[in-house]
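Undergrad: Sequence first, then the predicted structure:
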Amino acid sequence: MNQKILNRLNVSLSELINFCQQNHILELSVFGSVLREDFKKTSDIDFLVVFEPQIQLSLMDLVGIQYQLEDLIGRKVDLIEKRSIENSHNWIRRKNILETAEMIYESGQILLNLIST
């Protein structure tokens, strides 16, 4: 991932780390238009998330985390659990998302390729 993607997220690295740690997130990835040239000021940002295995979240918890992320980055987001994509019967959607997603956070750190390219 390059600096352009980081700029599109409109969040500092420390804010992203804090958000993930506070919400028990093991992995956070982006996919969709945020990775492409058709990204616009009005585009939402699509996120894949993996939570710590011992965390049991209700639908309301997930919606609350999504709203927190929207407040953090200042735009609409779609927050989707990675396992729901992995278990999807729509193999075309599953393949497309999983093959193009860029992981931006993993278990306590921002991935180095996010800031080094």
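TA: Great, that's in hand.

Undergrad: I'd like the distance from the longest helix anywhere in the chain to the chain centre, please.
TA: Ranked by number of residues, the top helix in the chain under DSSP state H is helix 59-73. On the basis of Cα atoms, centre = their mean, to the nearest Å, helix 59-73 is displaced by 12 Å from the centre of the chain it belongs to.

Undergrad: contact partners of it?
TA: Defining contact as Cβ atoms under 8 Å, 6 or more residues apart in numbering, one finds that helix 59-73 is touched by 9-11, 15-16, 19, 23, 45, 47, 49, 57, 76-79, 81. (Each C-beta comes from the backbone N, C-alpha and C, glycine too.)

Undergrad: List the buried residues for that helix?
TA: Neighbour-count burial for helix 59-73, counted by 16 or more other Cβ atoms under 10 Å, picks out 62, 65-66, 69-70, 72-73.

Undergrad: sorry, back to before: widest-spaced pair of the contacts of helix 59-73?
TA: Of all pairs drawn from the contacts of helix 59-73, the one with the longest distance (Cβ to Cβ) is 10 and 57, at 25.1 Å.

Undergrad: From the buried residues of helix 59-73, pick the one nearest residue 35.
TA: Out of the buried residues of helix 59-73, the member with the shortest distance to residue 35 (by Cβ to Cβ) is residue 73, at 15.0 Å.

Undergrad: thinking again about what came up before, and the contacts of helix 59-73, which are buried?
TA: With burial judged by 16+ other Cβ under 10 Å, the buried subset of the contacts of helix 59-73 is 9, 11, 16, 19, 23, 45, 47, 49, 77, 79.

Undergrad: Filter these down to the ones in helices?
TA: Of the positions in the buried ones among the contacts of helix 59-73, 9, 16, 19 sit in helices, assigned by DSSP H.

Undergrad: Report the contact partners of the last one.
TA: Contacts of residue 19 were listed using Cβ under 8 Å, 6+ apart, and they are 11, 25, 68-69, 72.
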